[in-house]
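Asks: just the structure for this:
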Amino acid sequence: MPHDASHEKKTVAIGSMAASLSMTIGKFTVGLLTGSLGLISEGLHSLLDFGATVMTYMAVRVSDKPADAEHHYGHGKIEALTALGETVLLFLTSIWIINEAIHRLMAPKIEVEATWWSFAVIIASILIDIWRARALSRTAKKTKSMALEADALHFSSDVLSSSVVLIGLGFVALGWPIGDPIAAVGVSIFVCRAGWILGRRTFDTLIDTAPQGAAERVTNIVHSVPGVAEVSRVRIRPAGSVFFVDVDVAVGRGWSQTKVVAQKQAVADAICAEMTEAQVTVTTHPLKLDEETIQQRALIIAANHSAHVHHVTAHVIGETLSISFDLEVDGRLPLSDAHRIATNLEADMRGEFGQSTEVETHIEPLQDTAIVGSDVQADTLAEISTALKRLAGEHGALTDIHNVRARQTAQGLIVIFHCRTAPDRTVTEIHGIVDELERSLRAEVPGIWHTVAHAEPIGEA
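Replies: Numbering: from 1, shown residues only. Predicted coordinates:
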C-alpha cells in the first residue's frame, strides 16, 4: 500500500483512540455521579470502543506490511480478525447492559439524577461520534480498510445509542426514572445490530467470500481486452484493503510465448485500471480457433513436438485429406530414430485431422551448426553476377540484380542476390519465377549447392 494511504489510516485510527478515551472518561464520571445506567452503559460501550480502536490501530499497522516468506498474501486478514474481536466485544457489552437493565426494572425504586452536565456529556458525545464516523468512513472507503470500516460502524451506532440515552435522561428529568433502564436496553439493541452487521461482513471476509458483483465486473473487463477468446474462471480473494484476483483466459493455441506474455499483461493492466485495489494473476490456456487453416494447424502440432517442419502441403482427393511436409532432424540420427519421430508426429496429425487423413513425411537433415565458408574470387563472382543479370533479362520478370555474393563451402557454392519485380505480383508468382531463374543458373554455373534470392518491389528502397 502507498505510504500516504498507510499514514492516513494510522492517523485516523489514533484520532479515534483519543476520541473514545475522552468519551469513556466523561460518560463514566457523569454516570457514576448521577447513577444513570444509560450513561454507565454508554461509558462501558465507549470503553470497549476504546479497546477496539487500539486493536484497529495495531491492525492497520500490521496489515500494511508487504507479503513475506511466511505470509504470501500479505497481512490484510489481520484487519478481519480485529473486526471479529470487536464484534465479540459488542455482543458482550449488550449482554451486560441488558442484564443490568432487567435488574433495575425489577428493583422497587430507581434512583437516577438528570443533571445539566449529564445532558452536556451526551450531546458532546453525539457530536464527537458524528465527526469521527465521517472521518473513519471516508478513510475506510479510500483505503478499503475493514478495520476502519468497523470503527466507523461503531461510532455511527454510538450516535444512535447516545440519542436513546439522551431521550432516557429526558424522561428522568420529567419524573419517569424508568426511562433510564429502558434507554439502556435501547442502547443494547443498537449495539447488537452493529455487532451483527460487522460480524457478518467479517465472517464473509474470513471465509474468502468475493464482494458482490466483483466476479461479473472482472469478467466483463477481461472480455473487453482484444485477443481474449474465452474467460474460463475468475476467483477473487479479499484480504484487508487488497483483492487478489485470479483469472483464467483462453488464447489462440498458435500464439508465440512473447505474444502470450503480452496478452497476460494486457489483461492484468485492464483489471487494475478499473480496480486499483486488485493484485492480479492471469493464467492462459491454448484454444483451437475456428479461423485456423490446415497449414497453421499442422504447424501447431509440429511445434508441440518441438519439430522443425516446412513445405506443408494439403490437398483433397475425393473425401480424403492428404498432408505432406518436410521434417528436419539431426543429420547424425540413425534412420530408426528419425522414423520414430516422424511416426509420432504423423499420429498426432491424424488425431488432429481425422484417422483417415493421409500424412506423408519427407525427412531432411537439420543444419544445427554454422557452415564454414569463404568469399569466392572476384572473377568468379563477376561471372556469376553476369550470368544472373543475363538470365533475369531473358526471363523478363526480374530486374535490377544487385548485392550479389558467393561463398565457397565444403558442400558447394552458396549464391545470394537481390532483385526487383512488379509490386503487384503475388508471392506464389514470384516464387515460381525465382525458382526458374535458380534452375537456369545451376545449369550454367557448376558447383552451386544453395541459392538465396531476395525479391523486392520496384520503387521501394
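
Asks: ranges for the strands of the stretch 301-450 of the chain?
Replies: Chain-ordered strands for the stretch 301-450 of the chain, with DSSP state E, counting those that start in this stretch as the definition, fall at 308-317, 320-330, 358-366, 373-375, 399-409, 412-421, 448-457.

Asks: just so I know, which of the ones you listed lies nearest residue 191?
Replies: Comparing these against residue 191 with Cβ to Cβ, the closest turns out to be strand 308-317 (74.2 Å). Every residue, glycine included, has its C-beta placed from N, CA and C.

Asks: so for that closest one, mean pLDDT?
Replies: Strand 308-317 shows a mean pLDDT of 89.

Asks: what sits against the nearest residue to residue 417 once chain neighbours are set aside?
Replies: In space, not counting the residues next to it along the chain, residue 417 is nearest to residue 404; the distance is 4.5 Å by Cβ to Cβ, 6 or more residues apart in numbering. Contact criterion Cβ atoms under 8 Å, 6 or more residues apart in numbering gives 381, 384-385, 388, 415-418 as the residues in contact with residue 404.

Asks: and for the nearest residue to residue 308 once chain neighbours are set aside, the neighbour number?
Replies: Residue nearest to residue 308 in three dimensions, not counting chain neighbours: residue 328, with 4.1 Å by Cβ to Cβ, 6+ apart. The local packing count at residue 328 equals 16, with neighbours defined by other Cβ atoms under 10 Å.

Asks: is residue 328 bridged to anything, and to what?
Replies: Counting by DSSP bridges, residue 328 forms beta bridges with residue 308, residue 364.

Asks: now it: how far from residue 309?
Replies: Distance, residue 328 to residue 309, using Cβ to Cβ, to the nearest Å: 7 Å.

Asks: what do you get for residue 382?
Replies: Shown here: residue 382 relative to residue 309, a distance of 39 Å by Cβ to Cβ.

Asks: more neighbours, these two?
Replies: Between residue 382 and residue 309, counting by other Cβ under 10 Å, residue 309 is the more crowded of the two (19 against 13).

Asks: wait, doesn't the more buried one sit right on residue 301?
Replies: No. In terms of Cβ atoms under 8 Å, residue 309 does not count as a neighbour of residue 301; the distance is 9.0 Å.

Asks: overlap of the contact sets of these two?
Replies: Shared contacts of residue 309 and residue 301 (Cβ under 8 Å, 6+ apart): residue 345.

Asks: hey, what's the spatially closest residue to residue 434 that is not a sequence neighbour bridged with?
Replies: Computed as Cβ to Cβ, 6+ apart, the closest residue to residue 434 that is not its neighbour in sequence is residue 453, at 4.6 Å. Each beta-bridge partner of residue 453 is listed here: residue 417, as defined by DSSP bridges.

Asks: quick one: residue 453 and residue 421 touch, right?
Replies: No. At 10.6 Å, residue 453 does not count as touching residue 421 under the criterion of Cβ under 8 Å.

Asks: touching both of the two, which residues are there?
Replies: Both residue 453 and residue 421 lack any common contact, where contact means Cβ under 8 Å, 6+ apart.

Asks: any buried residues in stretch 393-409, and which?
Replies: The neighbour-count check on stretch 393-409 (16 or more other Cβ atoms under 10 Å) flags 397-398, 401, 404, 406-408 as buried.

Asks: do the same with stretch 433-445
Replies: Burial within stretch 433-445, assessed by neighbour count using 16+ other Cβ under 10 Å, is assigned to 433-434, 437-438, 440-441, 445.

Asks: tell me the one among those nearest to residue 219.
Replies: Nearest to residue 219, judged by Cβ to Cβ, of the buried residues of stretch 433-445 is residue 434 at 50.8 Å.

Asks: quick revisit: tell me how far the residue nearest to residue 308 lies from residue 414.
Replies: Here the criterion is Cβ to Cβ. By it, residue 328 lies 18 Å from residue 414.

Asks: repeat that for residue 293.
Replies: Residue 293 sits 32 Å away from residue 414, taking Cβ to Cβ as the criterion.

Asks: which residues touch the residue nearest to residue 308?
Replies: Residue 328 sits in contact with 308-310, 364-366, where contact means Cβ under 8 Å, 6+ apart.

Asks: quick one, which of the residues you listed are buried?
Replies: So, by 16+ other Cβ under 10 Å, the buried ones in those are 309, 364.

Asks: switch the contacts of residue 328 over to TSV; also include distance to residue 94.
Replies: Below are the contacts of residue 328 laid out as TSV (distance: Cβ to Cβ, whole Å):
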residue	distance to residue 94
308	75
309	75
310	79
364	84
365	85
366	80
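
Asks: now, among the contacts of residue 328, which is nearest to residue 346?
Replies: Using Cβ to Cβ, residue 309 is the member of the contacts of residue 328 that lies nearest residue 346, at 11.2 Å.

Asks: who are the contact partners of the closest one?
Replies: For residue 309, the contacting residues are 298-299, 302, 325-328, 345, taking Cβ under 8 Å, 6+ apart as the criterion.

Asks: can you check residue 308 too?
Replies: Applying Cβ under 8 Å, 6+ apart, we find residue 308 in contact with 302, 327-329, 366.

Asks: will you turn those into JSON lines that also has distance to residue 287 and pLDDT?
Replies: Converted to JSON lines, these look like this (distance: Cβ to Cβ, whole Å; pLDDT from 0 to 100):
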{"residue": "302", "distance to residue 287": "18", "pLDDT": "90"}
{"residue": "327", "distance to residue 287": "26", "pLDDT": "93"}
{"residue": "328", "distance to residue 287": "28", "pLDDT": "91"}
{"residue": "329", "distance to residue 287": "30", "pLDDT": "91"}
{"residue": "366", "distance to residue 287": "30", "pLDDT": "84"}
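
Asks: would you turn those residues into JSON lines with distance to residue 460?
Replies: JSON lines is the format used below for these (distance: Cβ to Cβ, whole Å):
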{"residue": "302", "distance to residue 460": "33"}
{"residue": "327", "distance to residue 460": "36"}
{"residue": "328", "distance to residue 460": "32"}
{"residue": "329", "distance to residue 460": "38"}
{"residue": "366", "distance to residue 460": "34"}
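
Asks: domain ranges for this structure?
Replies: 3-206, 214-287, 294-366, 373-457 (automatic domain parsing).

Asks: which of those comes out lowest on mean pLDDT?
Replies: That would be domain 3-206, which, of all the domains of the chain, carries the lowest mean pLDDT at a mean of 64.

Asks: can you verify my assumption that residue 321 contacts residue 357?
Replies: Yes. Counting by Cβ under 8 Å, a contact exists between residue 321 and residue 357, whose distance comes to 4.8 Å.

Asks: ok, then the element right after the helix or strand hosting residue 234?
Replies: Residue 234 is located in strand 230-239, with elements delineated by DSSP states H and E. Scanning forward in sequence from strand 230-239, with DSSP H and E defining helices and strands, the next element found is strand 242-252.

Asks: can you name every helix or strand that that following strand contacts?
Replies: Where contact means 3 or more Cβ pairs under 8 Å, 6 or more residues apart in numbering; DSSP states H and E, strand 242-252 is packed against helix 214-223, strand 230-239, helix 257-274, strand 278-287.
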